[in-house]
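Chemist: A structural model of the following input is requested.
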Amino acid sequence: MHDTISIVIPLYNKEKYISRTISSVLSQSYSNFECIIVDSSSDRSTEIVKEFTDSRIRHLIQENRTYLPIARNIGVKVAKNNLIAFIDADDEWAPDHLESMVNLYSQFPNAGVFATSYVKLRHDGSEMIMIFAGIPKPPWEGCITRFFNNCAKGDVPVSSSSCAIRKDVFNEMGGFDENLIDGGEDHHLWGRIALKYPIAFTWKGPGIYHTEASGRMCNDVKSVIGDPLSQYLTEQLTNGLIPSDLQEDINAYIRRREKTVWFSKFFRNSHQDEIKNYHKKRCNQSMRITFLSQMMNKFNGIIVTLFNSGFYNFCRKVWCYLHGWHIPRLDRS
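Modeler: So this is what the prediction gives:
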């Protein structure tokens, strides 16, 4: 294989995890890459990176804190190759991740995004069941035909630590929106690309997403106050800019994300007045929202306990089996 790939790692105060991430990158079966680390840390992360002497690492130190979308944009700008892979500074890859990504790029060069499956690990090492709805079972790999419909029925099959993008497509889209520093900038970009380009997917070489890492954007309550991609798609629909064959799937995605935002707020037991007002505007169902708010608030502790227990995983597993969807699992051999 002669293709080369650039890897971008945005780094801010991940001293507990960055060594694991870099080691994962350097252990890849595909070795023809450069690894760009955009580092604005104030903890020991910078010193830890300097302990790695591999010539493929390019360490870009920033004087001031650089938020995720800005850091990723900086990394892509200096990247030497047209295929850009991303991984967050607290995640890791299966050893064949880059090899799987480059093969996908070779098979489907007209795609805009190239994604592998991914797994989520809790702090105790147990796996959360991921639902990649509508995607054929392994060994299938190819272009996802109804990306927004799949996202509406399950988890988004593209993760910021398990995908690559063509640099020319990235530049065409304007990169990550640097105003979205509170989260959602990744899905916002994947969605904009999916409106114009195919999304290629493979089950091979999964990304490994660690949910226990402190300071993740997904743990910030601001990240569940609305969804930037849903807001963007709503504007595009209103302005008549969405092709008719995509409108049904996109409307389904928007409805799903609204529900996800609403429930996420209650799981965090915060901003309940805000979420009620948000859905009054969207749904005009104030009595129903008030009733559900009271019920969710009353049983919040029980709901959170079930969410963090094996019961939640069991329900997701049953749902996958009923629909015939494949459940990605991490090979621990």
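Chemist: Pairing partners for the strand ranked longest in the chain, with directions?
Modeler: In the chain, with assignment by DSSP state E, the single longest strand is strand 199-210. Sheet pairing for strand 199-210, assigned by DSSP bridges, gives strand 92-93 (antiparallel), strand 113-121 (parallel), strand 141-144 (antiparallel).
Chemist: Give the next helix or strand downstream of the last one.
Modeler: In this case it means strand 141-144. Moving toward the C-terminus from strand 141-144, the first helix or strand encountered (DSSP states H and E) is helix 147-153.
Chemist: and if you look at the second one?
Modeler: Past strand 113-121, heading to the C-terminal end, the next element that is a helix or strand (DSSP H and E) is strand 127-128.
Chemist: What pairs with that following strand, parallel or antiparallel?
Modeler: Paired strands of strand 127-128, defined by DSSP bridges, are strand 113-121 (antiparallel).
Chemist: re the thing from before, which of the strands paired with strand 199-210 sits closest to Ile70?
Modeler: Distances from Ile70 to each of the strands paired with strand 199-210 were compared using Cβ to Cβ; the minimum, 20.3 Å, belongs to strand 113-121. Heads up, the C-betas are built off the backbone N, CA and C, glycines and all.
Chemist: then that closest one to CSV, C-alphas only?
Modeler: Taking C-alpha atoms only, strand 113-121 is exported to CSV below (Å, rounded to 0.1, in the frame of the first residue of the first chain):
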residue,chain,number,x,y,z
VAL,A,113,-16.1,10.5,5.1
PHE,A,114,-14.5,7.1,5.8
ALA,A,115,-15.6,5.5,9.1
THR,A,116,-14.9,2.4,11.0
SER,A,117,-17.2,1.0,13.6
TYR,A,118,-16.4,1.9,17.2
VAL,A,119,-17.1,0.7,20.7
LYS,A,120,-17.6,2.7,23.9
LEU,A,121,-16.0,1.5,27.2
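Chemist: just to revisit the earlier point, any chance of the strands paired with strand 199-210 in CSV, with mean neighbour count too?
Modeler: Conversion of these to CSV gives the following (neighbours: other Cβ atoms under 10 Å):
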stretch, mean neighbour count
strand 92-93, 24
strand 113-121, 24
strand 141-144, 19
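Chemist: First-to-last residue distance for stretch 163-179?
Modeler: Between the opening and closing residues of stretch 163-179 there is a gap of 22 Å (Cα to Cα, to the nearest Å).
Chemist: Excluding its own residues, what touches that stretch? List them.
Modeler: Under the contact criterion Cβ atoms under 8 Å, 6 or more residues apart in numbering, stretch 163-179 has outside partners 5-6, 67-70, 72-73, 76, 79, 81-86, 101, 105, 111-116, 185-186, 188-190, 192-193, 197, 207, 228.
Chemist: just so I have it, where are all the helices in the stretch 201-333 of the chain?
Modeler: For the stretch 201-333 of the chain, applying DSSP state H, counting those that start in this stretch gives helices covering 228-238, 244-267, 272-283, 286-298, 300-307, 310-323.
Chemist: returning to what we had before: among the contacts of stretch 163-179, name the ones in strands.
Modeler: Where the contacts of stretch 163-179 overlap with strands, as defined by DSSP E, the overlap consists of 5-6, 83-86, 113-116, 207.
Chemist: for the residues you listed, which one is nearest His326?
Modeler: Here the nearest of these to His326, counting by Cβ to Cβ, is Thr116; it sits at 13.4 Å.
Chemist: is it true that the closest one touches Thr202?
Modeler: Yes. Using Cβ atoms under 8 Å as the test, Thr116 is close enough to Thr202 to be in contact (5.5 Å).
Chemist: any chance you could map the helices in the stretch 1-150 of the chain?
Modeler: Taking DSSP H, counting those that start in this stretch as the criterion, the stretch 1-150 of the chain carries its helices at 18-26, 45-50, 68-78, 97-107, 147-153.
Chemist: so where's this protein shaky on pLDDT?
Modeler: For the chain, residues meeting the criterion pLDDT under 70 lie at 1-3, 213-226, 262-309, 333.
Chemist: Show me the domain layout of it.
Modeler: What the record gives for the chain is the domain set 5-219, 221-323, from automatic domain parsing.
Chemist: Would you mind telling me which of those domains is nearest Arg332?
Modeler: With Cβ to Cβ, the closest approach to Arg332 among the domains of the chain belongs to domain 5-219: 9.3 Å.
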